[in-house]
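[1] Any chance you can model this:
(chains A and B)
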Amino acid sequence: MPLASSRPNTSVAQAASGVNWDRLRQDFPVLSQLIHGRPLVYLDNAATSQKPNAVIESIDHYYRHDNANVHRGVYTLSERATQAYEAARDKVQVFLNAAQREEVIFVRGTTEAINLVAQSFARPRLKPGDEILISAMEHHSNIVPWQMVCEQTGAQLKVVPINDNAEIVLADYRQLLNKNTQLVAITHISNALGSINPVQEMIAAAHEQSIPVLLDGAQAAPHLAVDVQALDCDFYALSSHKIYGPTGIGVLYGKRSWLDAMEPYQGGGDMISSVTFEKTHYNVLPYKFEAGTPHIAGVVGFGTALDYVSDIGLDNIAEREQQLLKYATQVLLPLQGLRIIGTAKLKASIISFVLESAHPHDISTILDQQGVAIRAGHHCAMPVMERFKVPATARASLAFYNNEDDIDRLAEGIKEVNRIFAGI
Amino acid sequence: MGKVMNQELRELYQEVIIDHGRHPRNFKKLEDHSHSQEGYNPLCGDRLMLYLKVENDRVIDAAFEGVGCAISMASASLMTTQIKGKTLEEIQQLFQAFHCLVTTPEPPSSVQNCLGKLTVLGGVRDFPTRIKCATLAWHTMKVGLDRNTHEQAVSTES
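    Numbering: from 1, shown residues only, chains lettered A, B, ... in the order given. Purely as a prediction, here's the structure:
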């Protein structure tokens, strides 16, 4: 290993944060298995994260001991289920530093949160000539819901360009804000490129013109501490499964003033206070937006995941992941024919790359045979691929439970790809 | 070959496939084509445009352009070299045999004999997520010959 000297001393890293990262890795049972005869190296955390025992056990416990419907039964089990469900809402409030618990709406995930805002917030407000502003690095789920609402209302979708390092240039962004802009919807961290966007400045600039801002926090929430009051964002969307919680659950945070003024997204049980065939009165926040029996076990598991992450501390996680990102970048860059797509100064632990010798799908197949799981493809961000003129990229995305050995295994696998495809 | 390459991987990435993947044959636009058809797997990003020149129910020339993984490019390259000069009926048989080769655990020897050089793509059957890469060119050809329209790209992603 020519770069062995650049490898950080893990024990020093542990001393700095007081966190034993090796021991935390043991909390994730899925990581202790062989794939094609080699220990699994899981590097697709931007797609979904693995789940710690605590989360798996809390879901198991809920179904074994507390399962009942919430907000209705007058019996012990239902009270327990309701208590667990609402306790998780309090945990999300603390996690995001929301001003009020009523501002936390449980949804299926980031995608549903954005669709909710598109249909219940944007659609009634938009008229022909209005504009919604997104960026060139959005995930499809922060493009398509806006395209749909533009189609429905005659509004237009505008796109902030990104530079060759995959950064939003604030001057370009400011230029696109105008009196017709009704909403800015921007990703906090790009899933395909890793860029951390200057959202604080972007929100302030939009607010100078009274334009509300939605942040897609699917990638940011697992990697950095989010404070919605400090950001002053109007909406924040995130998914549980990327923060070590179960799939099928997520959160829409919204400022109470907006949520109060919005119509419900879906009709059904739990979102009403009274129904007659003549007139239905909607329930108060947050229940107005939670029609039907919710994913109670998912919410319970998500609450446990937030406890788990908070115990480690997001600042510690961010610091460790930055160490891993730095190490991975150092180890990968010298590999023959490798080019990293997404070189923003502020970057999360996501490395998209292409190789001269092989297509991302061939890279992924060869790595998988060595037990290394990465993502290959367009990462649900086809306009990003178009922007950087590549059909697809390979992507390694790191979580705190990854380590330097994982990254060495990735590098070893890429060298094997080069041997097979280019004889080098 | 490298130290960690296992039998399945060796089978998948044979020399012929690497060679055709890196230096595809008949990789050009056929100006005087009689048929053309686009093939596109959006999830993968594999994309190709296939050109055929058919006269008297016989393919007298075939070429393609595109981008994609080694498997999809090699499959398209090998296919164009094999179908040149064959009748539409022979090509139909070749299509069936190829489909059998990449989807059947133990394809009969008659299939292997009929396919000749194309059997190098048989290793893909051990990689279920990659079969669609190998079949894209073939389905593109079939639709192109059947309809001779190219309003919509052919996909082998279900």
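
[2] Pop out the phi and psi values for A:His241.
    Per-residue torsions, A:His241: phi -70, psi -10 (degrees, to the nearest 10).

[3] I'd guessed it sits against A:Ala47; true?
    No: contact criterion CB atoms under 8 Å: A:His241 and A:Ala47 do not qualify, at 9.2 Å. Glycine gets a C-beta too; all of them are placed from N, C-alpha and C.

[4] Looking at the two, which is more packed in?
    Taking neighbours as other CB atoms under 10 Å in any protein chain shown, A:His241 and A:Ala47 compare with A:His241 leading, 24 against 16.

[5] what's the neighbour count on the spatially closest residue to the more buried one that is not a sequence neighbour?
    Spatial nearest neighbour of A:His241, chain neighbours left out: A:Thr247 (4.2 Å); criterion: CB to CB, 6 or more residues apart in numbering or on different chains. By the measure other CB under 10 Å, the count of residues near A:Thr247 is 16.

[6] Confirm A:Thr247 sits in a helix?
    No: per DSSP: H, G, I helix; E, B strand; the rest coil, A:Thr247 lies outside any helix segment and is coil.

[7] For chain B, list the residues in contact with chain A, please.
    Contacts of chain B with chain A, taken as CB under 8 Å from any CB of the partner chain, map to B:1-2, B:4-6, B:8-9, B:12-13, B:18, B:21-22, B:42-47, B:67-71, B:127, B:129-130, B:133.

[8] Just the buried ones from those, in ChimeraX syntax?
    Burial among the residues of chain B next to chain A is assessed by 16 or more other CB atoms under 10 Å in any protein chain shown; the matching ChimeraX selection reads:
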select /B:4,5,9,12,13,18,21,44,45,46,47,68,69,70,71,127,130,133
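
[9] Correct me if wrong: the residue nearest to A:His241 contacts A:Thr48.
    Yes: with contacts counted by CB under 8 Å, A:Thr247 reaches A:Thr48, the gap being 6.9 Å.

[10] quick one: stretch A:298-318 to chain centroid distance?
    Offset of stretch A:298-318 from its chain centre (CA atoms, centre = their mean, to the nearest Å): 14 Å.

[11] which ones are touching the residue nearest to A:His241?
    Residues in contact with A:Thr247 (CB atoms under 8 Å, 6 or more residues apart in numbering or on different chains) are A:Thr48, A:Gly109, A:Ser240, A:His241, A:Gly298.

[12] now B:Ser72
    By CB under 8 Å, 6+ apart, the residues touching B:Ser72 are B:Asn41, B:Cys44, B:Asp46, B:Leu48, B:Gly66, B:Cys133, B:Ala134, B:Leu136, B:Ala137.

[13] Low-confidence regions, chain B specifically.
    Applying pLDDT under 70 to chain B picks out residues B:1-5, B:148-151, B:158.

[14] How about the stretch 101-250 of chain A?
    In the stretch 101-250 of chain A (pLDDT under 70), no residue qualifies.

[15] How about A:Phe121: what's its closest non-neighbour residue?
    Per CB to CB, 6+ apart, closest to A:Phe121 is A:Met262, 5.4 Å.

[16] Which positions in the stretch 51-200 of chain A make contact with chain B?
    Checking the stretch 51-200 of chain A against chain B by CB under 8 Å from any CB, there are no hits.

[17] Can you show me the strands along the stretch 51-200 of chain A?
    If DSSP state E, counting those that start in this stretch is used as the criterion, the strands of the stretch 51-200 of chain A fall at A:104-107, A:131-135, A:156-160, A:181-187.

[18] swap in chain B?
    Remark: strands assigned in chain B by DSSP state E are B:35-41, B:46-55, B:58-67.

[19] would you turn those into JSON lines with distance to A:Asn418?
    What follows is these, written out as JSON lines (distance: least, CB to CB, whole Å):
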{"stretch": "strand B:35-41", "distance to A:Asn418": "25"}
{"stretch": "strand B:46-55", "distance to A:Asn418": "21"}
{"stretch": "strand B:58-67", "distance to A:Asn418": "20"}
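
[20] quick one: buried residues of whichever helix or strand A:Trp258 is part of?
    Using DSSP states H and E, A:Trp258 sits within helix A:256-261. By neighbour count on 16+ other CB under 10 Å, the buried set for helix A:256-261 is A:Leu259.

[21] which strands and helices sit next to the next helix or strand after that helix?
    Helices and strands here follow DSSP H and E; after helix A:256-261, the next one along the chain is strand A:272-275. Where contact means 3 or more CB pairs under 8 Å, 6 or more residues apart in numbering or on different chains; DSSP states H and E, strand A:272-275 is packed against strand A:280-282.

[22] Can you pull out the residues in contact with the strand it packs on?
    Surrounding strand A:280-282, the residues in contact under the criterion CB under 8 Å, 6+ apart are A:Pro264, A:Gly267, A:Met271, A:Ile272, A:Ser273, A:Ser274, A:Val275, A:Lys288.
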